[in-house]
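Visitor: Curious how this folds, go ahead:
(4 chains)
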Protein chains: 2
Amino acid sequence: MNGRFPIAMHIMTLLCASNESLLSSEYMAGSININPVLIRKELSNLLKHGLIISQLGKNGGYILAKPAKDITIAGIYQAVKPDAILGQAKNQPNPACPIGKEINSHLKNLDAEIEQVMLNKLGTTTLAEFCKKFE
Amino acid sequence: MNGRFPIAMHIMTLLCASNESLLSSEYMAGSININPVLIRKELSNLLKHGLIISQLGKNGGYILAKPAKDITIAGIYQAVKPDAILGQAKNQPNPACPIGKEINSHLKNLDAEIEQVMLNKLGTTTLAEFCKKFE
DNA sequence: TAATATGTAATAAAAATTATTACAATACAA
DNA sequence: TTGTATTGTAATAATTTTTATTACATATTA
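Guide: Numbers count the residues shown, from 1 in each chain, chains lettered A, B, ... in the order given. Presented below is the predicted three-dimensional model:
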């Protein structure tokens, strides 16, 4: 996992706290202290996942696509989740080894199980609840 | 998360399947298809965590430190787990922003909760059970 | 029509991961 | 007691991934 989830959470929290006024990528980059282009890339992704809405042109910016009480942390995680939460080996194991031959498929199954319990847990908190912590 | 967990699992599974005969780092590197020095680094770490035992010198190698039924996947994960399973932002958020100022501590709490449910789940499977899948 | 945003491509810089080389220390076996 | 195979680890190089920057087309408002 890289820094995408913290960035996505930061973006969503800012938008939640903005109380439906448009925020610019420049403003959010200032809060996160990161390059505006990277933010816009993540914003593109959140947009694609239907979590936010953008408005082009002057005075444009971003707002949440729906009420924060209807967005769960799980939904945000889904938008940025890596292929394998438990990590992926870069090299193909030796197919002549009885363990090496099969291990990737077993690890993949394990990964799917873990992702499920994570999503269950992350699904119990809404963005609105998370945002309340900042009051 | 990088490739350390898959490597650690591969090592532990090989040792479990070896039925208490010593395996060399060279042999394991061949199954995993990775550089022997990297394997030895991970072996050092597993050693430090008390999961395996090494024997120096000619005909040396590695074996499990205890029966595979007494080792859980959670125990293996603990040996290689990253600081933050949900990822860490590289940059310090803007302390002048009310969200930026606090978000890291809230994300850290969230991370701890998620790690706990992961460990609970990984704790329900032993290495012996995982190893049985390969029969 | 000027100004201010989003959206995105191309590229550069930095950081992290993985691989390699080298060699000391140890223990077995002939 | 000497040669050999193995662990253990440091130093360095190569590769890959992540993050930052530059540039600019497109859209919208005033």
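Visitor: can you pull the buried residues of the longest helix along chain A?
Guide: The longest helix of chain A (DSSP state H) is helix A:98-122. The neighbour-count criterion (16 or more other C-beta atoms under 10 Å in any protein chain shown) identifies A:99-100, A:103, A:106-107, A:110-111, A:114-115, A:118-119, A:121-122 as the buried residues of helix A:98-122. The way it works is simple: take the backbone N, C-alpha and C, and place the C-beta from them, glycine included.
Visitor: Could I get these in JSON lines, plus columns for distance to residue B:6 and pLDDT?
Guide: Output for the buried residues of helix A:98-122, formatted as JSON lines (distance: C-beta to C-beta, whole Å; pLDDT from 0 to 100):
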{"residue": "A:99", "distance to residue B:6": "12", "pLDDT": "96"}
{"residue": "A:100", "distance to residue B:6": "11", "pLDDT": "96"}
{"residue": "A:103", "distance to residue B:6": "8", "pLDDT": "97"}
{"residue": "A:106", "distance to residue B:6": "10", "pLDDT": "97"}
{"residue": "A:107", "distance to residue B:6": "6", "pLDDT": "97"}
{"residue": "A:110", "distance to residue B:6": "10", "pLDDT": "98"}
{"residue": "A:111", "distance to residue B:6": "9", "pLDDT": "97"}
{"residue": "A:114", "distance to residue B:6": "13", "pLDDT": "97"}
{"residue": "A:115", "distance to residue B:6": "15", "pLDDT": "97"}
{"residue": "A:118", "distance to residue B:6": "18", "pLDDT": "98"}
{"residue": "A:119", "distance to residue B:6": "21", "pLDDT": "98"}
{"residue": "A:121", "distance to residue B:6": "23", "pLDDT": "98"}
{"residue": "A:122", "distance to residue B:6": "23", "pLDDT": "98"}
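Visitor: can you redo those as TSV with distance to residue A:62?
Guide: Shown next, in TSV, are these (distance: C-beta to C-beta, whole Å):
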residue	distance to residue A:62
A:99	48
A:100	47
A:103	43
A:106	42
A:107	37
A:110	37
A:111	32
A:114	32
A:115	28
A:118	26
A:119	25
A:121	27
A:122	22
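Visitor: How about the residue in chain A that sits furthest from its center?
Guide: What lies farthest from the middle of chain A is residue A:96; by C-alpha atoms, centre = their mean that is 38.5 Å.
Visitor: Enumerate every residue touching that one.
Guide: Applying C-beta atoms under 8 Å, 6 or more residues apart in numbering or on different chains to residue A:96 gives no contacts.
Visitor: For it, grab phi and psi.
Guide: Reported as degrees, to the nearest 10, the phi and psi values for residue A:96 are phi -80, psi -10.
Visitor: Check what pLDDT it gets.
Guide: For residue A:96, the pLDDT comes out at 94.
Visitor: Please report the distance of it from residue B:33.
Guide: 10 Å (C-beta to C-beta, to the nearest Å).
Visitor: Check residue A:46 too.
Guide: With distances taken as C-beta to C-beta, residue A:46 is found 37 Å from residue B:33.
Visitor: Show me which of the two is the more surrounded one.
Guide: residue A:46 (24 against 16; other C-beta atoms under 10 Å in any protein chain shown).
Visitor: ok, that one touching residue A:14?
Guide: No. The criterion here is C-beta atoms under 8 Å, and residue A:46 misses it with residue A:14 at 11.8 Å.
Visitor: quick one on the thing from earlier: got the CA coordinates for the following helix or strand past the longest helix of chain A in CSV?
Guide: Sequence order places helix A:127-132 as the next helix or strand after helix A:98-122, per DSSP states H and E. Taking C-alpha atoms only, helix A:127-132 is exported to CSV below (Å, rounded to 0.1, in the frame of the first residue of the first chain):
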residue,chain,number,x,y,z
LEU,A,127,-17.5,9.6,6.2
ALA,A,128,-19.9,11.7,8.2
GLU,A,129,-18.9,9.9,11.4
PHE,A,130,-15.2,10.1,10.6
CYS,A,131,-15.6,13.8,9.9
LYS,A,132,-17.3,14.4,13.3
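Visitor: Now look at the helix or strand where residue A:45 lies and say if it contacts DNA strand D.
Guide: Using DSSP H and E, residue A:45 falls within helix A:36-48. Yes. Applying C-beta under 7 Å from any atom of the strand, one finds helix A:36-48 touching DNA strand D at A:36-38.
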